[in-house]
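[1] Sequence first, predicted model second:
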Amino acid sequence: MVHRDKIPSYHIGEIKKKKAAAADFEFYRFEYFVSDIDHLKHPHRHDHFALFFVTGGQGEHLIDFKSYELRARRVFLIAPGQVHAWQRFQGVTGFVLLFTKEFFTLTLQYKELRAYLFFNNIYRHAYLDLEKEEEAHLERLLLDVEREHLHPRSYSQHIIRGYINIILFELSAVYEKAMPAAADNHVIDSRLRELEMLVEKNFRKCHLVADYAAMLHVTPNYLNAICKKHKGKPAGEFIRDRVMLEARRLLTHSDRTITQIAYDLGFEDNSYFGRFFRKYGGMTPASFRESLHQ
């Protein structure tokens, strides 16, 4: 039996209903962006990074089972693989910036994009609310991007990448100022950031602390120590949280059987997946799926 996945993943050229040519960068005004995106009102993923900056209007943004209000001065940053949907729009204005990792790192290879705190899609805060001066500054930078993007000559990718880099650094500073505790928990130890990226890439096949310790060339005890110090939880719990997030996503948004989901997440034994989900989710996978329809 061929299962049907209900979580489509879109390339940049597929974001608008009127499909564009294959692209690794795109820029829209929010009011134009919302004009033909009915397919994005259902849960979906991107294979690229996305920045949504709201300057006015109202609406609702659903991100991994939680609903967030669209309001002026609010910035949403979505990483590849993040499940989200747009629920409603009412006079929303602002900017939409889309880019792939390959576009960004073509000449800016010194920083892994997921090292930015707000692109950690497990524990990050879902949005940033800007002060007036921060809003004005970000709007100026995005207007510069728009000006370059719409230049009569072909736009310069080098210039666009430079602006994106500045924007991410500026927003990183805002994030750390607004949520210093989160910043302390994420950036003190470089090993921790490496762990976050490794878990994101390997959580479907590697569930053990020892696996990640070997990849990082450290002991499991050391990995547990830095996780407890900077995240307040052992490494095993950090890994399990990522597996549970994906399990909930698949149980909610796909019609795969529980056995198929267990296999997708690296559980060879379906009964073990059931015990795992019940222990860390408080109910069986079947009960969780049933609860979605109550």
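    Structure received.
[2] From here on, just use CA atoms for contacts and neighbour counts.
    OK.
[3] According to the record, where do the domains of this structure fall?
    9-184, 189-291 (automatic domain parsing).
[4] Can you lay out the ones you listed as CSV showing mean pLDDT?
    Converted to CSV, those look like this (pLDDT from 0 to 100):
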stretch, mean pLDDT
domain 9-184, 83
domain 189-291, 89
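[5] May I see those domains organised as TSV, with mean neighbour count added?
    Listed next are these as TSV, based on neighbours: other C-alpha atoms under 10 Å:
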stretch	mean neighbour count
domain 9-184	17
domain 189-291	17
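[6] which residues in the stretch 1-150 of the chain form strands?
    Applying DSSP state E, counting those that start in this stretch to the stretch 1-150 of the chain gives strands spanning 9-10, 25-29, 45-46, 49-63, 66-70, 74-78, 84-99, 127-129.
[7] could I get these as TSV with distance to residue 237?
    TSV is the format used below for the strands of the stretch 1-150 of the chain (distance: least, C-alpha to C-alpha, whole Å):
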stretch	distance to residue 237
strand 9-10	28
strand 25-29	36
strand 45-46	25
strand 49-63	22
strand 66-70	21
strand 74-78	23
strand 84-99	24
strand 127-129	24
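[8] closest one to residue 164 among the ones you listed?
    Ranking the strands of the stretch 1-150 of the chain by proximity to residue 164 (C-alpha to C-alpha) places strand 84-99 first, at 8.9 Å.
[9] contact partners of that closest one?
    Outside strand 84-99, the residues that touch it by C-alpha atoms under 8 Å, 6 or more residues apart in numbering are 12, 24-31, 33-34, 40-45, 48-64, 70, 142.
[10] Strand 25-29 and that one, what's the angle between them?
    Between strand 84-99 and strand 25-29, the angle comes out at 120 degrees (axes from the mean of the first three to the mean of the last three C-alpha atoms, to 10 degrees).
[11] got the CA coordinates for strand 84-99 in CSV?
    Taking Å, rounded to 0.1, in the frame of the first residue of the first chain, the C-alpha atoms of strand 84-99 are listed here in CSV:
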residue,chain,number,x,y,z
HIS,A,84,3.4,25.7,9.6
ALA,A,85,0.2,27.2,7.9
TRP,A,86,-1.5,30.5,7.4
GLN,A,87,-4.9,30.6,9.0
ARG,A,88,-6.3,34.0,8.0
PHE,A,89,-5.3,37.5,6.8
GLN,A,90,-6.9,40.9,7.2
GLY,A,91,-5.0,43.8,5.6
VAL,A,92,-1.6,42.3,6.3
THR,A,93,1.4,44.3,5.1
GLY,A,94,5.1,43.7,5.3
PHE,A,95,7.8,41.7,3.7
VAL,A,96,8.6,38.1,2.8
LEU,A,97,12.2,36.9,2.2
LEU,A,98,12.9,33.4,1.0
PHE,A,99,16.4,31.8,0.4
